[in-house]
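Visitor: mind folding the following:
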Amino acid sequence: MADTQKVRRHEVTTDGPLRVDATLAFIGHIETPWARREDCPRQGNRDTGPECTIVVDDPWIAALTGIEAYPSLDILYWLHLSRRDLILQNPNHGDSARGTFSLRSPIRPNPIGLSTVRLIRRDGNRVTVRGLECVSGTPLIDIKPDHCHFTPVV
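Guide: From the prediction side, this is the model:
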C-alpha cells in the first residue's frame with residue numbers, strides 16, 4: 001500500500017517505471033509499538049528507545065546461531081508503506097527541496113530501511129532490540145552484525 005501524502009512545495013516526483021532486475025525474499029517481520037508511519041520516531045535510539053522484536057521465519061531461524069556475540073546489529077527492512085516516486089523532497093523541518101539520496105526519508109525508489117540496533121536478547125526465532133524506527137509488521141530483509149562500531153562479545 002503506497003503513501004497517499006500530497007506533494008509538498010518544491011518537491012519533484014517521477015512517474016517513470018523502475019527497472020526491475022532483483023528479487024528480495026522477506027525472512028520475517030518486525031514488531032514495534034507503532035501502528036502508523038507517522039507515529040514512528042524520525043530516528044531510532046539504541047539506548048532509550050522501546051524494545052522491539054524481530055521475528056525470523058523458518059527456515060532462517062538457524063541463521064541466528066551466534067548472533068548473541070554481537071551487541072550491535074544492522075537490520076535491513078522493507079518500508080512497505082512508503083511512496084517510491086519522489087526525486088526531490090521537502091522535509092517537514094525544511095523550506096526547500098533536497099535530493100532523495102541526501103535524506104534518510106522512507107520515501108525512496110527502493111524503500112529499504114537500515115537501522116543499527118542494540119541487541120537485548122534472543123529467544124528462539126525472536127530477537128529483541130532497541131533502536132528501530134518502523135511500523136509493526138514491517139517485512140524483514142536481513143540481519144548483519146555491526147562490525148564497524150563494536151567487537152563481538154566472547
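
Visitor: biggest strand in the protein by residues?
Guide: strand 112-123 (DSSP state E).

Visitor: give me the sheet partners of that strand and which way each runs.
Guide: strand 72-78 (antiparallel), strand 126-130 (antiparallel) (DSSP bridges).

Visitor: just the C-alphas of stretch 17-26, formatted as PDB.
Guide: Presented in PDB, the C-alpha positions along stretch 17-26 are these (Å, rounded to 0.1, in the frame of the first residue of the first chain):
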ATOM      1  CA  PRO A  17       8.800   2.900 -14.200                       C
ATOM      2  CA  LEU A  18      11.700   1.400 -12.200                       C
ATOM      3  CA  ARG A  19      13.900  -1.100 -13.900                       C
ATOM      4  CA  VAL A  20      13.300  -4.500 -12.300                       C
ATOM      5  CA  ASP A  21      16.300  -6.600 -12.000                       C
ATOM      6  CA  ALA A  22      16.400  -8.000  -8.500                       C
ATOM      7  CA  THR A  23      14.300 -10.200  -6.200                       C
ATOM      8  CA  LEU A  24      14.000  -9.900  -2.400                       C
ATOM      9  CA  ALA A  25      12.800 -12.600  -0.100                       C
ATOM     10  CA  PHE A  26      11.400 -11.500   3.200                       C
END
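
Visitor: just to revisit the earlier point, can I get the strands paired with strand 112-123 in CSV with mean pLDDT, mean neighbour count and distance to W34?
Guide: C-beta here means a position set from N, CA and C on the backbone, and glycine is covered the same way. As requested, the strands paired with strand 112-123 are exported to CSV (pLDDT from 0 to 100; neighbours: other Cβ atoms under 10 Å; distance: least, Cβ to Cβ, whole Å):
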stretch, mean pLDDT, mean neighbour count, distance to W34
strand 72-78, 97, 20, 13
strand 126-130, 98, 20, 14
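
Visitor: so how far is the longest strand of the chain from its chain's centroid?
Guide: 10 Å (Cα atoms, centre = their mean, to the nearest Å).

Visitor: who touches stretch 16-31?
Guide: 52-57, 60, 75, 77-78, 84, 109-110, 125, 132, 134, 136-142 (Cβ atoms under 8 Å, 6 or more residues apart in numbering).
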